[in-house]
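[1] From the sequence below, what's the structure:
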Amino acid sequence: MTIALTGATGKIGGAVARALAADGVPFRMVVRDASRAPDLPGTEVAVASFGDAEASRTALEGVDLLLMVSGAEAQDRLAQHRSFVGAAATAGVRHVVYTSFAGAAADATFTLGRDHWATEQAIRATSMAHTFLRDSFYLDFVEDLVGEDGVIRGPAADGAMAAVARADVARVATEVLRNPSAHLDRTYELTGPAAITLEQAAATVSEVRGRAVTYHPETLEEAYASRAQWDPEPWQADAWVSTYTAIAEGALARVSGDVERITGRRPLTLREVLEASAR
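    Numbering: from 1, shown residues only. Prediction:
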């Protein structure tokens, strides 16, 4: 079976690539810039971007199993995804493992979750088998929410999220690639071990980093106003703000046992993610 994966220059795809290489599993990395591809034994590199259907089809020729790590946030990300999915189907890929979103739905409050839902539907519409890894928000991202003044601001009210570590998502993806037949046409919800509020998250960051970090719940109007300083495009502002409103509504509070069921290891906590980081 020939394996290909995207995202090898990023956090999740890179971790999967290193794990497969360590196991001696040969695979192909599909990257936009060959010079950035990690130098790993037993691998080959193909160059293509999601939006380039012809290059993607060529890059995926002969591939049976594909890990499709979702593309970077962009206004046209869904169009890029659909182009790549179509190229994969045309190239003869038999099974796609896609990193989706835990709240994926046509009407998801988190606006980018709608792109993930539509991408899932595009994959389902082909003859390819699928495995959807519906990740919650990333625990690794929590500290990035802290402003320079030590405050997490957003309209999340007192909602909670069962955020997951990128390392756990990578471990799940690696296990699926190792034994794909056991995960055909399955959808998994990948979460951390507990649902935490942003107030609890701020307290944990404060304890681990030894600095004062707090959470301030904003109104919607305050949230858009406080982000105007970065002059985001409307779609980007909506994505930023809806990160918090999705937490507020409780859509991401469910804790799933899928990480441990697939990997045999309990998922990491926010404290463990922070302690393991070099910050």
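[2] tell me the SS of the closest residue to Ser127 other than its chain neighbours?
    Nearest residue to Ser127 in three dimensions, chain neighbours excluded: Ala89, at 6.8 Å (Cβ to Cβ, 6 or more residues apart in numbering). For the C-beta atoms, the positions are set from N, CA and C on the backbone; glycine is no exception. When states are read from DSSP: H, G, I helix; E, B strand; the rest coil, the local structure at Ala89 comes out as helix.
[3] Same question for Phe132.
    Of the three states, Phe132 takes strand under three-state DSSP.
[4] Could you give the number of residues near the residue lying closest to Glu249 once chain neighbours are set aside?
    Counting by Cβ to Cβ, 6+ apart, Glu249 lies nearest to Thr109, which is 5.7 Å off, once chain neighbours are set aside. By other Cβ atoms under 10 Å, 18 other residues sit near Thr109.
[5] For Thr109, give me its contacts.
    Residues counted as contacts of Thr109 (Cβ atoms under 8 Å, 6 or more residues apart in numbering) are Gly103, Ser242, Thr245, Ala246, Glu249, Ala251.
[6] Relative to Phe132, which of these is nearest.
    Ranked by distance to Phe132 (Cβ to Cβ), the contacts of Thr109 are led by Gly103 at 12.7 Å.
[7] before we move on, back to that, return the distance of the residue nearest to Glu249 relative to Asp144.
    20 Å (Cβ to Cβ, to the nearest Å).
[8] What of Gly264?
    Distance, Gly264 to Asp144, by Cβ to Cβ: 30 Å.
[9] Tell me how far stretch 155-164 lies from the chain's centre.
    Stretch 155-164 sits 17 Å away from the centroid of its parent chain (Cα atoms, centre = their mean, to the nearest Å).
[10] Just the ones of the contacts of Thr109 in helices?
    Among those, DSSP state H puts Ser242, Thr245, Ala246 in helices.
[11] now, which of those sits nearest Pro41?
    Nearest to Pro41 among those, counting by Cβ to Cβ, is Ala246 at 40.9 Å.
[12] burial of that closest one, as a residue count?
    Residues lying near Ala246 (other Cβ under 10 Å) number 24.
[13] I'd guessed it sits against Ala105; true?
    No - Ala246 is beyond contact range of Ala105, at 10.6 Å (criterion: Cβ atoms under 8 Å).
[14] Quickly list what's touching both of these two.
    Shared contacts of Ala246 and Ala105, counting by Cβ under 8 Å, 6+ apart, come down to Gly113.
[15] Strand partners (parallel or antiparallel) of the strand or helix carrying Ser100?
    Assigned by DSSP states H and E, Ser100 belongs to strand 95-101. Using DSSP bridges, the strands paired with strand 95-101 are strand 65-68 (parallel), strand 129-135 (parallel).
[16] picking up where we left off before, backbone phi and psi for the residue nearest to Glu249, please?
    The phi and psi values for Thr109, taken as degrees, to the nearest 10, are phi -60, psi -40.
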